[in-house]
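Turn this into a structure:
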Amino acid sequence: MLKAYKSVTHLLHPHHRPYQPFGAALALLQDRSAEILLVGPAGTGKTRAILEKVFLCMQKYPAMRALLVRKTRASLTQSALVTLEEKVVPAGHPMIGDASRGYRSHYMLGNGSELVLGGLDNADRIMSSEYDVIAACEATELTLEDWEKLLTRLRNGVMPYQQAIADCNPAYPAHWLNRRAQSGLMRVLESRHTDNPQWFNQTTAQWTPAGEAYLATLRRLSGARRQRLLDGQWSAAEGLVYDDFAHCLRDHWEGNGVYAAAGIDWGWYEPTAVVVGVLDGADQLWIVDELYESRMDIDALAGRLTQLVQRWNIEVMFADRSRPESVDWLRRRQLPVRGVPVHSVEAGIASVESRLMHRSLFALTTCRHLIEEASQYRYQADGMGPIQKADHAMDALRYLIMGLGDMSAAAVGASPGARSGADKMPQDLRRQAARVWGD
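The predicted structure is shown next:
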């Protein structure tokens, strides 16, 4: 164990850049917990603390292997790698060499220790190896599935303990990282601005001029962003449309699928959003998958929709009626797409809220974009409908639930658009309704 930072200074290169850890940073250096969440406001020195620990472990334990990862490999280049090379590793250290940051795959020490670099957008290479330490920067970008896959690679066994460290600014309260920490699976270390010597002088207990200026910048933020980046709180926007959405989140689906459908919200510059729902035998709707991507042409969309249909055996996809030509084109490609009848946004929200209230709507935590939008989907200040921003997955969810409601009404002989039969439709009529329900 790193009992105290000063106890390992003899391992350092003579030209090591000065670093004095405080607060959560010091606790991190000493902690051997299997999973650690280092969380706090912007600018508290979280990433540097992680990199300092990784570099110390590389020196202390010859032939150990560490992984530094983000959601995409490209995002490492101008963030963590800059900190590593310009603040952590001594100037002129042979570990840096002449290689360009953007093309690096790893760093090596003379004692055989290796720091591998990777992104989960190209996970095959990093998932085929074993590590003693895994450090995930900006971990709110990751899904629970990403994290659990990374945990399976902690088995190199060179260090006396194996450890996964995630660092992040707080996000919305229902984020899987916060929920995992609250469950006790992760040791939480809360970083504060006073931990960063650049902002706060521990000797005088005073903010530095740079610290005062930085805090003044953060104080100009508003709402949930201020609460997260200045105060370090897991916070959602005020006036949420679905303020109970966090209660519908589940890490795993253990249902018995009876009928699969999807909702589609068109996009181009804004994302095209698709949410996939599976009804179980108790008429509970499980949101099990999502597609969320910008600048996707109709051919690419058809290919992705085909994959979803095959993966979940989707029998109908309810799409926004604003693009009938896209609906027609996809149907000619043998995709079960149909325009959802026109309903008011308020009616759609009421349908979603009804399922939330009756605990008949659940969403897997892997549906990251859906959950993130739900944490920001709020009403306008005058209460006249939701703010039409970051609402693509929210719209797709409405189309899915309203489409199923209309289909249910058709199956039980109710008038088109009626919702009275939505919660009572016999399961054996769902498939029939999918065949006869028309645009």
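
contacts, neighbours, all on C-alpha from now
Will do.

all helices of the stretch 1-150 of the chain, in order?
23-30, 46-60, 74-77, 80-83, 123-127, 144-151 (DSSP state H, counting those that start in this stretch).

I'd like these laid out as CSV, including mean neighbour count, distance to Arg219 and mean pLDDT.
Shown next, in CSV, are the helices of the stretch 1-150 of the chain (neighbours: other CA atoms under 10 Å; distance: least, CA to CA, whole Å; pLDDT from 0 to 100):
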stretch, mean neighbour count, distance to Arg219, mean pLDDT
helix 23-30, 20, 22, 96
helix 46-60, 22, 20, 96
helix 74-77, 18, 27, 83
helix 80-83, 17, 25, 92
helix 123-127, 15, 38, 82
helix 144-151, 16, 32, 91
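
for the stretch 1-150 of the chain, what spans make up the strands?
Chain-ordered strands for the stretch 1-150 of the chain, with DSSP state E, counting those that start in this stretch as the definition, fall at 35-39, 65-70, 106-108, 114-119, 133-136.

give me the low-pLDDT residue ranges for the stretch 151-300 of the chain?
Along the stretch 151-300 of the chain, segments meeting pLDDT under 70 span 238, 255.

can you list the domains in the protein?
5-229, 245-436 (automatic domain parsing).

what's the helix or strand hosting Thr217 in contact with?
Using DSSP states H and E, Thr217 sits within helix 209-219. Residues outside helix 209-219 that contact it (CA atoms under 8 Å, 6 or more residues apart in numbering) are Gln198, Trp199, Phe200, Arg226, Leu229, Leu230.

do that again at 6 Å, thanks
Trp199, Leu230 (CA atoms under 6 Å, 6 or more residues apart in numbering).

What's the local residue count around Asn122?
By the other CA atoms under 10 Å criterion, the neighbourhood of Asn122 contains 12 residues.

Tell me how far it lies from Val274.
23 Å (CA to CA, to the nearest Å).

now Tyr19
47 Å.

Who has more neighbours out of these two?
More neighbours surround Val274 than the other of Tyr19 and Val274, with 31 against 13 (other CA under 10 Å).

Am I right that the more buried one sits in a strand?
Yes - applying DSSP: H, G, I helix; E, B strand; the rest coil, one finds Val274 inside a strand.

40 is where my numbering starts, stick with that
With 40 as the first residue, the last one maps to Val313.

for it, what are its contacts?
Gly302, Ile303, Glu329, Leu330, Ala435.

count of neighbours near the residue nearest to the third one when sequence neighbours are not counted?
By that I understand Glu329. In space, Glu329 comes closest to Val314 once its chain neighbours are excluded; the distance is 4.5 Å by CA to CA, 6 or more residues apart in numbering. Val314 has 29 neighbouring residues, counting by other CA under 10 Å.

mind checking how far Val314 is from Leu344?
11 Å.

tell me which element Met356 falls in.
Applying DSSP H and E, one finds Met356 within strand 355-358.

just checking, what packs against that strand?
strand 296-304, strand 376-378, helix 431-450 (3 or more CA pairs under 6 Å, 6 or more residues apart in numbering; DSSP states H and E).

could those go into TSV alongside mean neighbour count?
Below are the helices and strands packed on strand 355-358 laid out as TSV (neighbours: other CA atoms under 10 Å):
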stretch	mean neighbour count
strand 296-304	25
strand 376-378	24
helix 431-450	26
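
For Ala66, find the nearest of these.
helix 431-450 (39.3 Å; CA to CA).
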